[in-house]
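Undergrad: With the input below, show me the fold.
(one chain, ligands or ions: 1)
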Amino acid sequence: MIKNNTPNWFIRIFCVILAAGYLSCQSQNTQMKFEHPDSESTTIYINNPATYLLLPVEESSPMSQVYVQGDKDRMPIDVRLASGQVDYYAPFALPEGNDIIVAVKHAAGKPVLWDKIQLSDTFDKSNREKFRPVYHHAPQYGWMNDPNGMVYLDGEYHLFYQYNPYGSTWGNMHWGHAVSKDLVEWEHLPVAIAPDELGTVFSGNSIIDTENTAGFGKNALIAFYTSAGEMQSRSIAYSLDKGRTFTKYDKNPVVTSDIPDFRDPNVFYHQPTGKWIMVIAAGQEVQLYSSENLLDWAYESAFGEGYGNHGGVWECPDLLELPVAGEPGKTKWVLLLNINPGGIFGGSATQYFTGHFDGKTFTCESKPETEKWMDWGKDHYATVTWSNVPDNRVIGIAWMSNWQYANEVPTRQYRSANSVPREIGLYRDNNEYYLINNPVEELKKLRKNEQTFTAEVTDQYNIDSLLDTNEGAYELEIDFKGISADVFGLTLFNGKGDSVDLFYDRTEKRFYMDRNKSGKTDFSTDFPAVTYAPVKKSDNYTLRIFVDKTSIECFDGEGRFVMTNLVFPDEPYNRVTFYTKGGKFKVDPMKVYKLGL
Ligand code: FRU
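TA: Sure, this is the predicted structure:
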């Protein structure tokens, strides 16, 4: 998937054009002249200053490359220029001034709808998606995967992310950018870091350099990312204006390797040794490096061989020290590790290891074959945590999709949202340590009206309307009590025949979510699924369910499991049936909150 962006082809095309003479074709738009539109290399002469060239995209068309002549700071972009119909437009920013030349290299034998290309000073970002979430972070347009570079600074949570501004499928990786004061309401900011001659900009994290150890400036926000060119290497960019603009370090890359999959740096400060540590995903292990100045890195150790799941490539690591619930002063180190494929329900997922870190080496304290999963759904990936968060809170967020079908989910203007932010801790059970995941308290701000239901369920109990006006964004907080049934739960459904089944099986000691009939599922054979999480046998459970148009996140009341799954119902699920298969239970109570910004 890695592109070599050297624009040699452009120079060659340009020379051929000069030699071959001038063959021009007038577009409907008289400010653009298209030269050689029937060949594989077309040149567009633009005479009128405009902010954007609006490029018509068709996701099933072959890939074209587009490049501005003379703009050495910008790499050619990959874009699926429409040849049959226009799915949507991508805004290609033009340099200022007249006489701009844009080169397009496109597939042989496939026409491009040249007459659909437009010059414009505006690009309409208003929402046209019925599936756009209400309270989850999602890009306004274009493609998003991993959350990147998350850091707190001066009252703002920064959320950077893997971003393609030129189409709603993976490609042209940039770091997109959003900020929030409360982890709930996100403000969209311009792209933060763009590709350069070292490659496109893959995942990584950021820190605040409070002591100016790197020499970029006190409190510099320093981003560590993957330059994905011929090989993958570590690069640095820093910002002295709260992430609004970035300068790339002039000696990039700072760490290189011969390993083909060598990416996703995650840097943190290790107090006891007084050193910065960088964890990097390297094939099917992680490598650890240390540094005193954030610029020169020394290899320390590797972890992974023989441990955990190795069904795919290891990606996006995060090494953190977490407090153990109920054991004051006790901490353990946790290595979050994303894997694709190899996830418990197929495709991508987040596993983790618990143990000890001495400043050089991470030691896993579980048996090597132990597999621990952070989330028990199919749509939770690339989880990493914010750095520099006040009050020692550890907050993570995940990309809510799965590489099996992320490029095919039925949205167009944008693709993918992030999970709700989660506060992370640890608990001990039988001398093993496991993650606790709770939705951040701040989400309570979203609660609008509250309704309470109670019920004794001996067979079935129906609620015909959860909310008077249901826009698909709500929270259910359910206390199940006095349970004697082995299998019991609830079905969320709508009037169009779409339903999701959520149930406990106390014999199997599992909580299940079945999305086989959840709505649109036929875009990928990997999408229909039943996922399950382990639970203890109990006669009462608390379940918190966050629904937001296309996602369902189920949290155990004590944070001992979380399950994240996408759904694409024709209309919001506004009805509930509680049911039991033998035995009974009480819903006492279920609170329903409409959620909104
Ligand atoms: C994980 C990942 C990372 C990589 C990025 C590229 O989803 O594959 O390893 O940096 O996505 O977009």
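Undergrad: residues near the residue in the stretch 51-200 of the chain that the ligand sits nearest to, how many?
TA: Closest residue of the stretch 51-200 of the chain to the ligand, Cβ to the nearest ligand atom: Gln162 (4.2 Å). Any C-beta I mention is one placed from the backbone N, CA and C, and that applies to glycine too. A count of nearby residues for Gln162, using other Cβ atoms under 10 Å, gives 23.
Undergrad: per-residue confidence for it?
TA: The pLDDT attached to Gln162 in the predicted structure is 99.
Undergrad: Check which helices and strands the helix or strand in which it is found sits against.
TA: If you go by DSSP states H and E, Gln162 is part of strand 156-164. Of the remaining helices and strands, those touching strand 156-164 by 3 or more Cβ pairs under 8 Å, 6 or more residues apart in numbering; DSSP states H and E are strand 142-153, strand 174-180, strand 187-193, strand 200-209, strand 395-399.
Undergrad: Need those strands in CSV (columns: mean pLDDT and mean neighbour count).
TA: Formatted as CSV, these follow (pLDDT from 0 to 100; neighbours: other Cβ atoms under 10 Å):
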stretch, mean pLDDT, mean neighbour count
strand 142-153, 98, 24
strand 174-180, 98, 21
strand 187-193, 98, 16
strand 200-209, 98, 26
strand 395-399, 98, 25
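Undergrad: on that earlier part again, using PDB, write out every CA atom in the strand holding Gln162.
TA: What follows is strand 156-164, C-alpha atoms only, in PDB (Å, rounded to 0.1, in the frame of the first residue of the first chain):
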ATOM      1  CA  GLU A 156      -7.600  21.200  24.700                       C
ATOM      2  CA  TYR A 157      -7.600  17.500  23.800                       C
ATOM      3  CA  HIS A 158      -5.900  17.100  20.400                       C
ATOM      4  CA  LEU A 159      -7.100  14.300  18.200                       C
ATOM      5  CA  PHE A 160      -5.100  13.800  15.100                       C
ATOM      6  CA  TYR A 161      -6.000  10.900  12.800                       C
ATOM      7  CA  GLN A 162      -5.000   9.000   9.700                       C
ATOM      8  CA  TYR A 163      -6.800  11.000   7.000                       C
ATOM      9  CA  ASN A 164      -7.400  10.900   3.200                       C
END
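Undergrad: could the helices and strands packed on strand 156-164 be laid out in CSV, adding distance to the ligand?
TA: Putting the helices and strands packed on strand 156-164 into CSV (distance: least, Cβ to the nearest ligand atom, whole Å) gives the following:
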stretch, distance to the ligand
strand 142-153, 5
strand 174-180, 10
strand 187-193, 13
strand 200-209, 3
strand 395-399, 7
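Undergrad: So which of these is nearest Thr350?
TA: Among the helices and strands packed on strand 156-164, the nearest to Thr350 by Cβ to Cβ is strand 395-399 (6.8 Å).
Undergrad: Which residues does the closest one contact?
TA: 137, 144-147, 150, 159, 161-162, 183, 318, 336, 350, 375, 380-386, 389, 416, 418-424, 437, 440, 564 (Cβ atoms under 8 Å, 6 or more residues apart in numbering).
Undergrad: ok so, going back, surely the residue of the stretch 51-200 of the chain closest to the ligand touches Met144?
TA: Yes: taking Cβ atoms under 8 Å as the definition, Gln162 is a contact partner of Met144 at 6.4 Å.
Undergrad: Centre-most residue in this structure?
TA: Geometric centre of the chain, nearest residue: Trp399, 2.8 Å, by Cα atoms, centre = their mean.
Undergrad: Show me what that residue bridges to in the sheet.
TA: Tyr381, Asn418 (DSSP bridges).
Undergrad: returning to what we had before: buried members of the contacts of strand 395-399 into PyMOL, please.
TA: Per 16 or more other Cβ atoms under 10 Å, the buried members of these correspond to this PyMOL selection:
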select buried, resi 137+144+145+146+147+150+159+161+162+183+318+336+350+375+380+381+382+383+384+385+386+389+416+418+419+420+421+422+423+424+437+440+564
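Undergrad: May I have the beta-bridge partners of Leu435?
TA: Bridge pairing for Leu435 - DSSP bridges - gives Leu426.
Undergrad: ok now stretch 228-236, how far from the chain's centre?
TA: 20 Å (Cα atoms, centre = their mean, to the nearest Å).
Undergrad: same question, stretch 211-225
TA: For stretch 211-225, the separation from the chain centroid amounts to 25 Å (computed by Cα atoms, centre = their mean).
Undergrad: That stretch vs the ligand: in contact?
TA: No: counting by Cβ under 6 Å from any ligand atom, no contacts exist between stretch 211-225 and the ligand, the nearest distance being 8.3 Å.
Undergrad: measure that stretch end to end?
TA: 21 Å (Cα to Cα, to the nearest Å).
Undergrad: contacts for it?
TA: Against stretch 211-225 from outside (Cβ under 8 Å, 6+ apart): 148-149, 151, 153, 158, 160, 175, 192-193, 201-210, 234-240, 242-243, 246-247, 265-267, 276, 278, 292-295.
Undergrad: need the helices and strands packed on strand 156-164 in TSV with distance to Gly596, can you?
TA: Output for the helices and strands packed on strand 156-164, formatted as TSV (distance: least, Cβ to Cβ, whole Å):
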stretch	distance to Gly596
strand 142-153	22
strand 174-180	16
strand 187-193	17
strand 200-209	30
strand 395-399	20
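Undergrad: My read is that His106 contacts Leu81, right?
TA: Yes: the criterion here is Cβ under 8 Å, and His106 meets it with Leu81 at 6.1 Å.
Undergrad: contacting residues around the closest residue in space to Thr354 that isn't next to it in sequence?
TA: The shortest distance from Thr354 to any residue other than its chain neighbours is 4.1 Å, reached at Tyr433 (Cβ to Cβ, 6 or more residues apart in numbering). Applying Cβ under 8 Å, 6+ apart to Tyr433 gives the contacts 324, 332, 334, 354, 365, 426-427.
Undergrad: ok, now Phe123?
TA: 51-52, 54, 89, 91.
Undergrad: The ligand contacts on this structure?
TA: 145-146, 162, 173, 202-203, 226, 263-264, 315-316, 382.
Undergrad: out of the residues you listed, who's nearest Val409?
TA: Of the residues of the chain next to the ligand, the one sitting nearest to Val409 (Cβ to Cβ) turns out to be Asn145, at 12.1 Å.
Undergrad: how close does that closest one get to Ala382?
TA: Separation of Asn145 from Ala382 (Cβ to Cβ, to the nearest Å): 7 Å.
Undergrad: Please apply the same query to Ala281.
TA: Ala281 is 11 Å from Ala382, by Cβ to Cβ.
Undergrad: Mind listing the shared neighbours of these two?
TA: 315-316.
Undergrad: The spatially closest residue to Thr210 that is not a sequence neighbour: neighbouring residues, count only.
TA: Of all residues not flanking Thr210 in the chain, Asn219 sits nearest, at 5.9 Å (Cβ to Cβ, 6+ apart). Residues lying near Asn219 (other Cβ under 10 Å) number 14.
Undergrad: The one 10 residues further on now?
TA: Residue crowding around Gly229 was assessed by other Cβ under 10 Å; the count is 19.
Undergrad: Help me confirm that it comes into contact with Val201.
TA: No: at 10.6 Å, Gly229 and Val201 do not qualify as touching, with contact defined as Cβ under 8 Å.
Undergrad: Next one: whatever residue of the stretch 351-500 of the chain ends up closest to the ligand, what pLDDT does it get?
TA: Here the stretch 351-500 of the chain gets closest to the ligand at one residue, Ala382, 4.7 Å apart by Cβ to the nearest ligand atom. Looking at Ala382, its pLDDT reads 98.
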